[in-house]
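# Mind looking at a prediction? Sequence and model below.
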Amino acid sequence: MMYTTHYASPLGGILLSADDEGLTGLWFDGEKYFAHGLDPQHEERETPILAETKRWLEIYFSGREPDFLPPLHPIGSPFRQAVWKLLLEIPYGQVTSYGDLARAIAAQQGLAHMSAQAIGGAVGHNMISIVIPCHRVVGTSGSLTGYAGGIQKKLELLRLEGVDMSGLTVPVRGTAL
């Protein structure tokens with residue numbers, strides 16, 4: 001059974017979902033993949049996992065790095081799971097590129113090469129945004145391309161974490177926004 005609750009963040013409403021094992025979803029209201037993967041039979045009820053996630057978000061949105069993670073239960077293919085695990089290793093206040101993640105996954109899997117586009121697909125389908133920090137991934141050139149919650153929210157999350165924005169650019173409309 002999945003449970004949901006809502007959280008009012010400084011960047012807008014957030015829907016949280018969890019099962020008995022951990023957090024399964026965190027979506028900004030109206031984002032590209034809003035509630036994707038949410039069990040239609042879910043129940044609106046705040047569970048201990050959802051309460052702990054709200055506590056994590058309170059700390060995060062106060063501008064501090066939380067010193068704990070709520071229990072996580074991301075649901076996806078083994079490839080996506082591997083990419084999401086790498087996202088959790090990106091330090092607070094820092095960014096990495098899709099290319100860097102592709103090289104890391106290739107090395108883990110003993111491959112000579114991995115497509116940055118494949119990595120982008122997995123990053124883009126992360127259902128637990130913010131906590132699994134997909135907002136910390138940028139294009140190799142420093143482009144802030146790709147964030148299901150929207151580029152403006154990605155910018156705000158990076159600013160909140162104190163990321164040095166000097167080498168980062170916002171893509172021109174009509175590109176991969």
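That came in fine, so what should we check first?

# so how far is residue 102 from the residue of the chain most remote from its centre?
Distance to the chain centre peaks in the chain at residue 112, reaching 26.9 Å (criterion: CA atoms, centre = their mean). Plainly put, residue 112 is 11 Å away from residue 102 if you go by CB to CB, to the nearest Å. (Each C-beta comes from the backbone N, C-alpha and C, glycine too.)

# now do residue 118
7 Å.

# So for the two, which residue has more residues nearby?
Ranked by neighbour count (other CB atoms under 10 Å), residue 118 and residue 102 place residue 102 first, with 21 against 16.

# mean confidence score for the helix or strand where that one lies?
Using DSSP states H and E, residue 102 falls within helix 98-108. Across helix 98-108, the average pLDDT comes to 96.

# helices or strands up against that helix?
helix 78-87, helix 116-124, strand 137-138 (3 or more CB pairs under 8 Å, 6 or more residues apart in numbering; DSSP states H and E).

# my guess is residue 154 is in a helix, correct?
Yes. Residue 154: assigned to a helix according to DSSP: H, G, I helix; E, B strand; the rest coil.

# And the spatially most central residue of the chain, how far from residue 106?
Centroid check for the chain by CA atoms, centre = their mean gives residue 129 as the closest residue, at 2.7 Å. Look at residue 129 and residue 106: by CB to CB, they are 25 Å apart.

# C-alpha coordinates for stretch 29-38, CSV please?
What follows is stretch 29-38, C-alpha atoms only, in CSV (Å, rounded to 0.1, in the frame of the first residue of the first chain):
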residue,chain,number,x,y,z
ASP,A,29,2.8,20.0,-8.2
GLY,A,30,2.4,20.1,-11.9
GLU,A,31,5.9,18.8,-12.8
LYS,A,32,6.5,16.7,-16.0
TYR,A,33,6.1,13.3,-14.4
PHE,A,34,3.8,14.3,-11.6
ALA,A,35,2.7,11.2,-9.5
HIS,A,36,4.2,8.8,-12.1
GLY,A,37,4.4,5.4,-10.5
LEU,A,38,1.9,6.3,-7.7
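
# returning to that earlier point: now do the SS call for the residue farthest from the centre of the chain.
Classification of residue 112 using three-state DSSP returns coil.

# so it makes contact with residue 103?
No. The pair residue 112 and residue 103 fails to qualify as a contact (CB atoms under 8 Å) at a distance of 10.4 Å.

# isn't residue 97 right up against residue 138?
Yes. Counting by CB under 8 Å, residue 97 does reach residue 138; the two are 5.8 Å apart.

# Compare neighbour counts for these two and give me the winner.
The neighbour comparison of residue 97 against residue 138 (other CB under 10 Å) goes to residue 138, with 24 against 17.

# which non-adjacent residue is nearest that one?
Spatial nearest neighbour of residue 138, chain neighbours left out: residue 95 (5.0 Å); criterion: CB to CB, 6 or more residues apart in numbering.
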